[in-house]
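In: Show me how the following folds:
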Amino acid sequence: MTYYRQPETAPNHGRMDQHEKTRLRAAAFRATRLYPDPVGELLSRELLTWEEFGYRLGGGQLIMRLVDHLLKAPIPVRESAS
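Out: Next comes the predicted model:
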C-alpha cells in the first residue's frame, strides 16, 4: 500500500501572479543583506528557484512565511571601515 502526503495548500498549476513574484524577488534580494554569508545566498537562490518553478509543487506555506520574515526584518546597519 502506498501512502501519499497531502500538500500544505492546494497546488497552483497556473502561473504565479505578479505581486507574488515581486515579493519573492524582493525577499531574495533582502536575504543576502540580512544574512551576508552562505546562508543568505542559499535563501536567495531557494526563493528565486521557487519563483521559477517550485510553486507548481504546492506546499508554499513555509516559503511564504520566509518571505514575510525577510520583508519585515530590519536590515542591520553595518559600520564602515575607517
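
In: Now the longest helix seen in the chain: buried residues?
Out: With secondary structure taken from DSSP state H, the chain has its longest helix at helix 18-34. Applying a neighbour-count criterion of 16 or more other Cβ atoms under 10 Å, one finds 20, 23-24, 27-28, 30-32, 34 buried in helix 18-34. Placement of C-beta: from N, CA and C, glycine included.

In: Tell me which residue is most central in the protein.
Out: Nearest to the geometric centre of the chain sits L47, at 3.5 Å (Cα atoms, centre = their mean).

In: ok, the closest residue to that one other than its chain neighbours - contacts?
Out: Sequence neighbours aside, A28 is the residue nearest to L47 in space, at 4.0 Å (criterion: Cβ to Cβ, 6 or more residues apart in numbering). For A28, the contact set (Cβ atoms under 8 Å, 6 or more residues apart in numbering) comprises 43-45, 47-48, 51.

In: Outside of stretch 65-82 itself, which residues are in contact with it?
Out: 23-24, 26-27, 30-31, 33-34, 43, 47.

In: Is it possible to get CSV of those that adds pLDDT and distance to H69?
Out: Conversion of the contacts of stretch 65-82 to CSV gives the following (pLDDT from 0 to 100; distance: Cβ to Cβ, whole Å):
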residue, pLDDT, distance to H69
R23, 93, 12
L24, 93, 13
A26, 96, 13
A27, 96, 8
R30, 96, 10
A31, 96, 10
R33, 93, 13
L34, 94, 9
L43, 96, 10
L47, 94, 11
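
In: mind checking the end-to-end distance for stretch 30-41?
Out: Taking Cα to Cα, to the nearest Å, stretch 30-41 runs 10 Å from one end to the other.
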